[in-house]
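Visitor: curious how this folds, go ahead:
(2 chains)
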Amino acid sequence: MDIAVVAFAQTEHMGEDSGRSEVEILAPIIGEVKERTGLKRFGFTCSGSLDYLAGAPFSFVSALDAVGAWPPISESHVEMDAAWALYEAYVRLLHGDIDTALVYGFGKPSQVVRPDGESGLPELMSLQLDPYYLEPLGLDQVSMAALQARAYLELGHKEDDLRAVAARSRADGRANPYALDLPDPGDDDYEIAPLRPYDCAPVTDGAAAIVLATGDRARELCERPAWIRGADHRIEAHSLGARDLGRSESTTLAGQKAGARDVEVAELHAQFSHEELILREALGLGDDVRVNPSGGPLAANPVMATGLIRVGEAAGWIHRGEARRTLAHASYGPCLQSNLVCVLEA
Amino acid sequence: MPPSEQLLAADHSLAFPGGYTRSVGPVIGRFLTELRDGRLVGVRAASGRVLFPPVEYDADGETVTEEFVEVGPECTVGAYAWVARPRPGHPLERPFAWALLTPDGADTAMVHVLDLGVFEEGAKAPKTLRAGLRVRPKWRGERTGTIGDIESFRPDVTMINAPVEAGYRLSAGHALSRFLGGIGEGRILGHRCGVCGKVYVPMKGLCPVDGVPTTEEVEVPDTGTVTTFAVNNIPDPRAPDVPFVSAYVLLDGSDIAMVALVAGVPAGDVRMGMRVRAVWRPREEWGRTMTNIKWFEPLDEPDVPFDDIKDYL
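Guide: Numbers count the residues shown, from 1 in each chain, chains lettered A, B, ... in the order given. Coordinates of the predicted model:
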């Protein structure tokens, strides 16, 4: 069964609270992919979001208003990045009894605010850690990333390598109308050493939607469909101490299974600059591969949509006829715990 | 924007009063129980590897045995992250590090808190923080069976600070007492050797060249010549400013140079052969001590040629 990305839309991502609710952020892009494909209904709908970002259980249910869930639809949700919702929809389409699927993800981290007014996102993400060994320590997301960055630097890399990733990402992001407008890295002090603020993805609100379709239906809906030639995701131990933090074995394995080779463009879900370098090595991407030309997560990181956006951006190169074979990567869990690789082809 | 369209916003917090009640099971439960008793234990996997902290299955999907192994308490630091500005939820309010710690006898690591001492907020990571650092747990006084029963890990003791103080009553001896007596009167006294004729200031009561006692007293003036000198950039309580100059001054009529400060001239202008004179403190401050002479200052006289002082360097 041939399955393709036939439409992609994303919000102009926001670095601060625009006052819009999640469903208000989401509705315009759902409308956009419906208009682009001419589809009013889909065989399957799947979304990715995080209840903790809204501070309410089943918050994804109210977001369904943006889809139009009456008369009743076939729907599912992952409490993960929407790239995994795309994977679920892909598997659902493989059954062969439906020919279209809508996938979307959204996140509004700007509303996660500590009593002192600072972002509470680093601590919030800690609520996903195991409650016995990690969460009670007060270990936050940036600190964990810094541990991984140190493990990577100990392999013989330099902090300047990290800075170069941040500089390139921010420059590319400024050229991307959907990403944030962030200045070149300055003389920032460490956030948590060895990471500096520019090494960390910015707090970003936003959403993205993708339409998948099979075979001839895909050719009807899109002039140049981006065919999914392989998709695979692998997870490794939750415990940081049980892993080789300076490498990403799960990405390597997912890449092998998905057929990640000979790609021209790769969109990587790197929320910290060292993660991009670890991922490049894990996927064996050479210097001839354009990595994160959109600016990547370091230029816009709408949590739970960021991974899906990687797929959409990678598909866009094929839709526009600018590349023949591209790669998208999504990640979830502390320090690149779980990784998804998707290979797209014209 | 008309009032009816003003955006409403409110603070919202999510909490579970009293916290969750969780079953920990036999593996994590054993670890936490031992932790409460001040011991670190790992669990052995079927391969023989010791997993720490214990998990029900290891990362490779291998089953664990029921064998718990005491490990540590000595641990080795792997990766680490320095927190110069702790966030509100962090375990210490002053700079600290997170670290991956592998206890002796274990094959996997745990993340915990590294306390390297007291630092100002924003401080850079200390040089002692590195992979391979050896640390031990600091146990909390009141333990309850949680990961926080270890307050932090602290580096092994590899250095101590040992203050030393010993008291003495030193005697100057006859020759030096006589010399300092002269200084207390504003006179600089030396001895002339009866064999070689050299004049030693201060006198020692013997000639170091000929090894004979000396008794012939000679008074020399407080003018002299700089033979050699050093520019010092580390402050000294006796020196007026940094940089200051310490020099060998060959007093006129003597045959051995004495160490003294040179002031009243920029450090860069001091030179070998420069003529100088002692600056005495006010008479009422004099005692039987060399501090009667503050330092030497330049004299408005031509420099002494190098050949005349080359034997006194």
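Visitor: for the residue at the greatest distance from the centre of chain A, give me phi and psi.
Guide: Relative to the mean C-alpha coordinate of chain A, counting by C-alpha atoms, centre = their mean, the farthest residue is A:Pro71 (30.6 Å). Recorded main-chain torsions at A:Pro71 are phi -60, psi 170, according to degrees, to the nearest 10.
Visitor: give me the pLDDT for it.
Guide: Each residue has a pLDDT score; the one for A:Pro71 is 87.
Visitor: quick one: mean pLDDT over the helix or strand where A:Glu35 lies.
Guide: Secondary-structure element containing A:Glu35, defined by DSSP states H and E: helix A:22-37. If you average the pLDDT over helix A:22-37, you get 94.
Visitor: what packs against the following helix or strand past it?
Guide: Proceeding N to C from helix A:22-37, the next assigned helix or strand is strand A:44-48, under DSSP H and E. Helices and strands touching strand A:44-48, as assessed by 3 or more C-beta pairs under 8 Å, 6 or more residues apart in numbering or on different chains; DSSP states H and E, comprise strand A:75-78, helix A:82-94, strand A:100-107. For every residue, glycine as well, the C-beta is placed using N, CA and C.
Visitor: relative to B:Asp222, how far out is the residue in the stretch 1-150 of chain A that chain B sits nearest to?
Guide: The stretch 1-150 of chain A approaches chain B most closely through A:Ala146 (3.3 Å), counting by C-beta to the nearest C-beta. Distance, A:Ala146 to B:Asp222, by C-beta to C-beta, to the nearest Å: 66 Å.
Visitor: and these two? Which one has more around it.
Guide: When A:Ala146 and B:Asp222 are compared for neighbours, A:Ala146 comes out ahead with 29 against 17, by other C-beta atoms under 10 Å in any protein chain shown.
Visitor: quick check: the nearest residue in space to B:Tyr20 that is not next to it in sequence vs A:His233, distance?
Guide: Using C-beta to C-beta, 6 or more residues apart in numbering or on different chains and skipping residues adjacent in sequence, the residue nearest B:Tyr20 is A:Pro131, 7.2 Å away. Note on A:Pro131: its distance to A:His233, by C-beta to C-beta, is 25 Å.
Visitor: so the two - more neighbours on which side?
Guide: Between A:Pro131 and A:His233, counted using other C-beta under 10 Å, A:His233 has the larger neighbour count: 23 against 14.
Visitor: the closest residue to that one other than its chain neighbours: neighbour count?
Guide: Leaving aside its sequence neighbours, A:His233 sits nearest to A:Leu340 (C-beta to C-beta, 6+ apart; 3.7 Å). Neighbouring residues of A:Leu340 were enumerated by other C-beta under 10 Å; the total is 28.
Visitor: check contacts around A:Ser18.
Guide: Neighbour list for A:Ser18: A:Ile25, A:Asp205 [criterion: C-beta atoms under 8 Å, 6 or more residues apart in numbering or on different chains].
Visitor: got phi/psi on it?
Guide: Its backbone dihedrals place A:Ser18 at phi -90, psi 0, with angles given as degrees, to the nearest 10.
Visitor: thinking again about what came up before, please name the residues that touch the residue nearest to A:His233.
Guide: If a contact means C-beta under 8 Å, 6+ apart, then A:Leu340 has A:Ala83, A:Trp84, A:Tyr87, A:Ala231, A:Asp232, A:His233, A:Ala254, A:Gly307, A:His329, A:Ala330, A:Ser331, A:Tyr332 as its contacts.
Visitor: pLDDT and secondary structure added to those residues, as CSV?
Guide: As requested, the contacts of A:Leu340 are exported to CSV (pLDDT from 0 to 100; DSSP: H, G, I helix; E, B strand; the rest coil):
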residue, pLDDT, secondary structure
A:Ala83, 98, helix
A:Trp84, 98, helix
A:Tyr87, 98, helix
A:Ala231, 97, strand
A:Asp232, 98, strand
A:His233, 98, strand
A:Ala254, 98, helix
A:Gly307, 98, helix
A:His329, 98, strand
A:Ala330, 98, strand
A:Ser331, 97, strand
A:Tyr332, 95, strand
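Visitor: how about a markdown table for these, with distance to A:Tyr104 added?
Guide: A markdown table is the format used below for the contacts of A:Leu340 (distance: C-beta to C-beta, whole Å):
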| residue | distance to A:Tyr104 |
| --- | --- |
| A:Ala83 | 11 |
| A:Trp84 | 13 |
| A:Tyr87 | 14 |
| A:Ala231 | 18 |
| A:Asp232 | 22 |
| A:His233 | 19 |
| A:Ala254 | 23 |
| A:Gly307 | 12 |
| A:His329 | 19 |
| A:Ala330 | 14 |
| A:Ser331 | 19 |
| A:Tyr332 | 17 |
